[in-house]
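>>> predicted coordinates and the sequence they were generated for:
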Amino acid sequence: MTMRPSLDVAVIGNGNLSALVDRSGAIVWMCWPRVDGDPVFCALIDGEAPEAGQFSIVFDGEGKVETEQSYLRNTAVVRTVLRSETGASFSITDFAPRFHRYDRLFNPPTIVRLIEPLSGLCRIRVRLRPRMGWGSLRPTPVMGSNHVRFAGDGGSIRLSTDAPVSYIASEGAFVLSRPMTLILHPDEPMSDSIPRVGREFHDKTVEGWHGWVRNLNLPFEWQQEVIRAAITLQLCSFEQSGAIVAALTTSMPEAPGEQRNWDYRYCWIRDAYFTVLALNHVGASVTMERFIDYVTNVIAMEGGANLKPVYAVLPETTLEERNAPHLAGYRGHGPVRIGNDAVNQVQHDVYGSVILAASQMFFDERLPKKGDEALFAMLEPLGMKALAVALTTDAGIWEYRDKPSIHTYSAAMCWVACDRLARIANRLGLTERALQWRKSADELRDAILSRAWNARLKCFTGSLDSDHIDASALLLAELGLVKAEDPRFGSTVEVIGNTLGRKGYLFRYAEPDDFGAPSTAFTICSFWYVEALAAIGRADEARQLFERILARRNHVGLLSEDIDPESGELWGNFPQTYSLVGIILCAMRLSKSWEEAR
C-alpha cells in the first residue's frame with residue numbers, strides 16, 4: 001500500500017534523530033544519523049508514488065485497508081492501527097528512545113517499531129527500502145542471524161529484529177502470530193534480547209515524556225494543542241549542540257509548481273529565538289540554556305560580532321546550497337535542495353535575536369545558572385554591531401535574494417538589542433552602561449518609527465521610507481518598539497489584515513518577490529495577526545481566527561509552514577517551528593485564566 005505523499009504525517013524523534021510516519025504506518029522521511037544527514041527514507045520528496053525510500057509494514061494483498069493513527073497521550077510515541085477487509089488488524093507503535101540513563105540523556109540514532117496482532121489472521125509484508133547518497137544508491141540487504149544491514153558510502157544501518165529475517169530481506173509475506181520488535185540502529189550488535197530492549201525503551205521513553213510534560217506551565221484552554229506543539233518543538237532541538245532547526249525536512253514546496261523549495265534542517269538564529277520564547281512560556285527553559293551554549297560556540301567560532309543568519313547543527317558544517325538530482329521532489333515539485341544559500345545573506349535581526357534569547361538568563365530566578373557580567377560582556381559587541389547596521393540594507397526576515405532594503409523588522413530587532421542590553425545592564429547594576437544603551441536605544445527608536453510610519457497608508461511599512469506592506473510589522477508592539485495602545489499600531493493591524501488577508505489567513509506580503517507573487521499563506525503570519533488583534537482589544541475576533549487556524553492542523557495536531565487559503569491544504573517544510581510557536585503563544589495570550597475557569 002503506497003500512499004500519495006502528503007503532510008498527513010506524524011513526527012517521532014528524540015533530539016538527535018527524527019522521522020515522519022504517514023497514516024499507513026510507513027516511515028517516509030528519516031535523515032541518518034542525525035536530523036541534517038542523508039535521508040535514508042526519502043519517499044516524501046520523491047514523486048507521486050515512490051516505491052523506495054520508505055519502511056512500511058502492510059497487509060499482504062491490495063484489498064481495502066482502514067487506518068487510525070494517534071500519539072500516545074503526552075508523548076512523541078505514535079500508534080498506527082491497520083484493519084483489513086476481512087476484519088484482521090494489527091498495530092505499529094513507533095518511537096525514538098529518549099530518557100535519562102546514567103545521569104545523562106540517552107537519545108541514540110535509533111528507531112523502534114513494535115508490531116502487535118490485534119484481531120484475525122494478519123498476513124503481512126515488511127518493506128524495508130532505504131536509499132542512500134541522496135537517492136543515488138539503493139543498497140542491497142545483507143542478512144545476519146537476527147538482523148539485516150544496509151551499507152553505503154556514508155556508513156551502514158542495521159535492522160535488528162525477532163521477526164523472521166529471511167522474510168524481511170526478501171519482502172516475503174508471513175503471518176504475524178505474535179508481537180514482534182524491529183529496531184533500526186547503527187550497525188553494531190544488540191547487547192540484549194531484542195524484545196526486551198524494545199519494551200524497555202518503550203516504557204522508559206513514555207515515562208520520560210510524561211515527566212517532561214508534567215513540568216510544563218499550561219494555559220487553561222487548548223492544553224492538548226499546546227502540549228503537542230511543545231513536544232514537537234523539543235524534537236526540533238538538536239540536544240548535542242543546543243541548535244534548534246527550523247523544520248525537520250528539506251524542499252517541501254511552499255506551493256505547487258513554485259521554486260520556493262528550501263532546506264530547513266538548520267538553525268536560523270531568528271527562528272530559534274521564537275522557539276526559545278515559546279518554550280520559555282511553558283516553562284521548558286532548558287532548551288534556552290542549551291541554545292545559549294550553541295550561540296556561545298558560534299560567537300567563539302566567528303571570532304567576533306559578525307554573525308550569519310543560519311548555521312548547521314554543528315556550526316562548522318558547510319551549508320553550501322546544491323541540488324539532489326536523483327530525487328523527484330514532493331509530488332514531483334523539485335528541485336530537492338541540500339544546504340541553504342541564506343548562510344551568505346546579511347540579516348541584521350540576528351543580533352537582537354541572540355540578545356532576546358539570552359535576556360531571560362538575567363531575570364529568571366528559576367535558572368540554576370544566571371546571566372552574569374561575563375555573558376553581558378559577550379553580548380555587548382553584538383549590540384554595538386546592531387547599532388552600527390540598524391539603518392542599513394539587508395535581506396530581511398523573508399530572506400529576499402535580490403531585494404535589499406532597510407527592513408523595518410531588522411531595524412526593530414537592532415533596537416531590541418540596544419533596549420535589552422540597557423535592561424540587563426541595569427539589572428547587573430552597571431549604571432553607566434545602562435544609561436549609554438538606553439540613550440542609543442531611544443535615538444534608534446525615534447529614527448525607525450519616523451521612517452517606518454507611512455501617513456498616506458496609515459500603516460507601519462515593511463521597510464523604511466516605503467509603501468511596502470509586510471506582516472512582520474505586526475510584531476512591533478510585541479517587541480516593545482511601540483505600545484499596542486498607540487493608534488498607529490491599531491491602524492497598522494487594520495491595514496495589514498485588509499491588505500494581506502485571504503479567506504481568514506494572512507500572507508507575508510502581496511507584492512511579487514524573487515520567485516513571483518506568493519500563492520499560499522504563511523502560517524506564522526496568521527498567528528501574529530491573532531496576537532495583534534488581541535493586543536488592540538479585539539479578543540473575540542482573535543479567538544475565532546485562532547480556532548480557524550487550529551482546524552487546519554493535520555490529524556495528529558501538527559502544522560507546516562504554509563496553508564493554501566482556497567483548499568486549506570498544508571504546504572511547506574514540516575513541522576515548522578514558527579507555526580508551532582504560534583499555537584503556544586496565541587493560546588497563552590487568549591486562554592481564560594485558571595482563576596476565571598473556577
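Right, received. Where do you want to start? Because the structure is a prediction, the values reported are computed rather than measured.

>>> what about stretch 18-38, how long is it end to end?
Stretch 18-38 has an end-to-end distance of 12 Å (C-alpha to C-alpha, to the nearest Å).

>>> longest strand in this protein, please.
For the chain, the strand with the greatest residue count under DSSP state E is strand 111-119.

>>> partners of the helix or strand following that strand, with directions?
Later in the chain than strand 111-119, the nearest helix or strand by DSSP states H and E is strand 123-129. Using DSSP bridges, the strands paired with strand 123-129 are strand 54-59 (antiparallel), strand 174-175 (antiparallel).

>>> between the ones you listed, which gets nearest to Arg538?
Distance to Arg538, taken as C-beta to C-beta, is lowest for strand 54-59 among the strands paired with strand 123-129, at 46.0 Å. Bear in mind the C-beta positions are built from the backbone N, C-alpha and C, glycine included.

>>> immediately after that closest one, which helix or strand?
Strand 54-59 is succeeded, C-terminally, by strand 66-71 (DSSP H and E).

>>> which strands or helices does that following strand pack on?
Applying 3 or more C-beta pairs under 8 Å, 6 or more residues apart in numbering; DSSP states H and E, we find strand 66-71 packed against strand 78-83.

>>> I'd like the average pLDDT over the strand it packs on.
What strand 78-83 shows for mean pLDDT is 98.

>>> from the chain's centroid, how far away is that strand?
How far strand 78-83 lies from its chain's middle: 25 Å, per C-alpha atoms, centre = their mean, to the nearest Å.

>>> ok, back up a step: so of the strands paired with strand 123-129, which one's packed in deepest?
strand 54-59 (a mean of 24; mean count of other C-beta atoms under 10 Å).

>>> return it as CSV; C-alpha atoms alone will do.
C-alpha atoms of strand 54-59 as CSV (Å, rounded to 0.1, in the frame of the first residue of the first chain):
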residue,chain,number,x,y,z
GLN,A,54,10.4,4.0,2.9
PHE,A,55,9.9,1.5,5.7
SER,A,56,6.4,0.1,5.5
ILE,A,57,4.6,-2.8,7.2
VAL,A,58,1.5,-3.7,5.2
PHE,A,59,-1.2,-6.4,4.8
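
>>> what ranges does the stretch 101-250 of the chain have for its helices?
165-170, 194-214, 223-235 (DSSP state H, counting those that start in this stretch).

>>> which among the ones you listed is found nearest to Ser6?
Comparing the helices of the stretch 101-250 of the chain by C-beta to C-beta, helix 223-235 comes nearest, at 17.7 Å.

>>> could I get the buried residue list for that closest one?
225-235 (16 or more other C-beta atoms under 10 Å).

>>> residue boundaries of the strands in the stretch 301-450 of the chain?
For the stretch 301-450 of the chain, strands defined by DSSP state E, counting those that start in this stretch occupy the ranges 310-311, 322-323, 329-330, 337-338.

>>> ranges for the helices of the stretch 451-598 of the chain?
Under DSSP H, counting those that start in this stretch, the stretch 451-598 of the chain gives helices at 476-479, 487-500, 523-535, 539-550, 577-590.

>>> now those as JSON lines including mean neighbour count?
Formatted as JSON lines, these follow (neighbours: other C-beta atoms under 10 Å):
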{"stretch": "helix 476-479", "mean neighbour count": "20"}
{"stretch": "helix 487-500", "mean neighbour count": "18"}
{"stretch": "helix 523-535", "mean neighbour count": "25"}
{"stretch": "helix 539-550", "mean neighbour count": "17"}
{"stretch": "helix 577-590", "mean neighbour count": "25"}
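
>>> where in the stretch 1-150 of the chain is pLDDT low?
For the stretch 1-150 of the chain, residues meeting the criterion pLDDT under 70 lie at 1-2, 62.

>>> go with 80
1-3, 62 (pLDDT under 80).

>>> quick revisit: redo the helices of the stretch 101-250 of the chain as TSV? Include mean pLDDT.
TSV is the format used below for those (pLDDT from 0 to 100):
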stretch	mean pLDDT
helix 165-170	96
helix 194-214	98
helix 223-235	98
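
>>> got CSV for those, with distance to Arg366 too?
Output for these, formatted as CSV (distance: least, C-beta to C-beta, whole Å):
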stretch, distance to Arg366
helix 165-170, 48
helix 194-214, 16
helix 223-235, 17
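
>>> tell me which of the strands of the stretch 301-450 of the chain lies nearest to Leu558.
Checked against C-beta to C-beta, the stretch from those lying closest is strand 329-330, at 16.3 Å.

>>> same for that closest one, what does it pack against?
Against strand 329-330 (3+ C-beta pairs under 8 Å, 6+ apart) you get no helix or strand.

>>> can you give me the offset of it from its chain's centre?
Taking mean C-alpha positions (C-alpha atoms, centre = their mean), strand 329-330 and its chain are 19 Å apart.

>>> how about stretch 336-345?
The answer for stretch 336-345 is 17 Å, by C-alpha atoms, centre = their mean.

>>> return the set of buried residues in that stretch.
So stretch 336-345, judged by 16+ other C-beta under 10 Å, has buried residues 336-343, 345.

>>> from the residues you listed, which is closest to Asp46?
Distances from Asp46 to the buried residues of stretch 336-345, taken by C-beta to C-beta, are shortest for Val336, at 8.2 Å.

>>> give me the phi and psi for the spatially closest residue to Gln345 that is not a sequence neighbour.
Nearest residue to Gln345, sequence neighbours excluded (C-beta to C-beta, 6 or more residues apart in numbering): Ala395, at 4.2 Å. Backbone torsions for Ala395, taken as degrees, to the nearest 10, come to phi -80, psi -20.

>>> which ones are touching Ala395?
Listed by C-beta atoms under 8 Å, 6 or more residues apart in numbering, the contact partners of Ala395 are 309, 342, 345-347, 401, 404.

>>> 10 Å instead, please
Residues near Ala395 by C-beta atoms under 10 Å, 6 or more residues apart in numbering: 309, 342, 344-349, 401-405, 407, 410.

>>> list just the nearest of those to Val175.
Nearest member of the contacts of Ala395 to Val175, counting by C-beta to C-beta, is Ala342, at 51.4 Å.

>>> the closest one contacts Glu320, doesn't it?
No. Using C-beta atoms under 10 Å, Ala342 is not in contact with Glu320; the gap is 11.7 Å.

>>> about what we covered before: in CSV: the strands paired with strand 123-129, plus distance to Phe527.
Shown next, in CSV, are the strands paired with strand 123-129 (distance: least, C-beta to C-beta, whole Å):
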stretch, distance to Phe527
strand 54-59, 32
strand 174-175, 48
